[in-house]
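K.L.:
Predicted model, plus sequence, below.
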Amino acid sequence: MNNEFEDISENIKRIRFNMEEAKVKAGRENDDIKIMAVTKTVPAERVNFAVSQGFELLGENRVQEYLSKKEEYAKNAQVQFIGHLQSNKVKYIIDSVTMIQSVDSTDLAREISARAVKQGRVTDILCEVNIGGEASKSGFSPEALKEGIYEISELPGVRVCGLMTIPPPSESCIYFEKMQRLFEDMKAAPPENSAISLLSMGMSADYAEAVKFGTGMVRLGSALFGARNYSV
């Protein structure tokens, strides 16, 4: 093993142990809970080492940073976009990401739809929910979510696959439980043309807790790669 990446190897062992322990405690031993490697500010060579260890699902936060690194990524990496996305940036990523998790408005969904249709493709999306009603975060309010999803599901070129959230850092379990209820409600009465199957919640500080509340994907940055380099 390359000693340069020994810290990532140790982090991977810890993450895998914690995930299995959390799944057992939640009675979800047989569930396939995906682990996303969040790559913000992480050099491509460190990302590629994680990919080589089985962490092939990558989450990108910023369009410019993604465009500067994407050609360096291992060919078996699968990239999804998870950061705030401006409508005028959709055209830069639509052809190379497998999902956009951070669809926070019907306007953004319409732009994704238009760009996808132009390319003859269907783009999988998650609707982002501002579960804590925080002014600093974007996303659908829980009250507006159902109407928004039904409206988006009528658009060509997009497929709603589920929900994503970043809860307030305090009392995250309260918000995880609320998200679980929202997700189960949407799964029970999905709109036509949707494929609601994924709840994406849980990050480095709270991913074990998210497992208790039905998450299908956790998004890990610092837990995997170490403290973020904010100078990048």
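P.N.:
Cool, got the structure.
K.L.:
Now tell me what touches the longest helix belonging to the chain from outside.
P.N.:
For the chain, the longest helix by residue count, based on DSSP state H, is helix 6-25. Taking contacts as CB atoms under 8 Å, 6 or more residues apart in numbering, the residues outside helix 6-25 that touch it are 1, 29, 31, 33, 35, 46, 49-50, 53, 55, 207-209, 211-212, 218, 220, 223-226. Every C-beta, even on glycine, is put in place using the N, C-alpha and C of the backbone.
K.L.:
Low-confidence regions, the protein specifically.
P.N.:
For the chain, applying pLDDT under 70 flags the ranges 1-2, 229-232.
K.L.:
hey, where'd the strands end up in this protein?
P.N.:
34-38, 57-60, 78-81, 99-103, 123-129, 158-165, 198-200, 217-220 (DSSP state E).
K.L.:
Reformat those as JSON lines; add mean neighbour count and distance to Lys13.
P.N.:
Output for those, formatted as JSON lines (neighbours: other CB atoms under 10 Å; distance: least, CB to CB, whole Å):
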{"stretch": "strand 34-38", "mean neighbour count": "22", "distance to Lys13": "13"}
{"stretch": "strand 57-60", "mean neighbour count": "23", "distance to Lys13": "18"}
{"stretch": "strand 78-81", "mean neighbour count": "21", "distance to Lys13": "23"}
{"stretch": "strand 99-103", "mean neighbour count": "25", "distance to Lys13": "27"}
{"stretch": "strand 123-129", "mean neighbour count": "25", "distance to Lys13": "29"}
{"stretch": "strand 158-165", "mean neighbour count": "24", "distance to Lys13": "27"}
{"stretch": "strand 198-200", "mean neighbour count": "25", "distance to Lys13": "24"}
{"stretch": "strand 217-220", "mean neighbour count": "25", "distance to Lys13": "13"}
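K.L.:
The residue nearest to Ala116 when sequence neighbours are not counted and Ile112: what is the separation?
P.N.:
Setting aside the residues directly before and after it, Ala116 is nearest to Gly157 in space (CB to CB, 6 or more residues apart in numbering), at 3.3 Å. Using CB to CB, to the nearest Å, Gly157 is found at 7 Å from Ile112.
K.L.:
And for Gly162?
P.N.:
For Gly162, the distance to Ile112 - CB to CB - is 15 Å.
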